[in-house]
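# Generate coordinates for the sequence data below:
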Amino acid sequence: MRSLFLLTLIIGAFSYENKEPSIAQIAAAIASVETGENYKGQKGRYGEVGKYQILPVVLRERGASPRGTYADFVMVYSYFRSRTTSHREACAAYHRGLNGIHKKAAEDYAQRVANLVASMSQ
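Model (predicted):
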């Protein structure tokens, strides 16, 4: 029952005025969650690159540049979005991979992104 409640909250945050968020809004929210305002070009703990903190192996798999730019983010996120049923699941997949979208950490991540997107839309 708790999962259903959380899912309803998450979906509600992404359905502001029944319209899906733009990829630019999601990119801004993910960059904020990943690196915040103080990003200075540093790599993540596992070698993630760019302000979107994308793993180099994911960039290679998608044929993107090794820098983790906005264009690279769009390519990676679009891949996840095309294989999931919602932006919430795409955000969860961005965080934990396609096989990890139902893990608590992925759901929490998707909720944080959804909350930021909702606050941008107001």
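# show me where pLDDT drops low in the chain?
1-18 (pLDDT under 70).
# What sits closest to the residue sitting nearest the centre point of the chain if chain neighbours are left out?
Here the mean C-alpha position of the chain is nearest to the C-alpha of C91 (C-alpha atoms, centre = their mean), at a distance of 3.5 Å. Of all residues beyond its chain neighbours, the one nearest C91 is A110 (4.2 Å), with distances taken as C-beta to C-beta, 6 or more residues apart in numbering. All C-beta atoms are positioned from the backbone trio N, CA, C, and that covers glycine.
# from what I can see the one you found touches E89, true?
Yes - because the distance of 7.4 Å satisfies C-beta atoms under 8 Å, A110 is recorded as touching E89.
# Look at those two and report which has more neighbours.
A direct count of neighbours by other C-beta atoms under 10 Å for A110 and E89 places A110 higher, at 28 against 20.
# Shouldn't the more buried one be within a helix?
Yes - the assignment for A110 is a helix, going by DSSP: H, G, I helix; E, B strand; the rest coil.
# Going forward, count from 54.
With 54 as the first residue, the last one maps to A163.
# what's the spacing between it and S118?
26 Å (C-beta to C-beta, to the nearest Å).
# What of E73?
Applying C-beta to C-beta, one obtains 27 Å for the distance of E73 from S118.
# Then A167?
28 Å.
# Please say which of those two ends up with more neighbours.
Just comparing A167 and S118: by other C-beta under 10 Å the higher neighbour count belongs to A167, 24 against 13.
# thinking the more buried one is in contact with A145, fair?
No - using C-beta under 8 Å, A167 is not in contact with A145, being 10.3 Å away.
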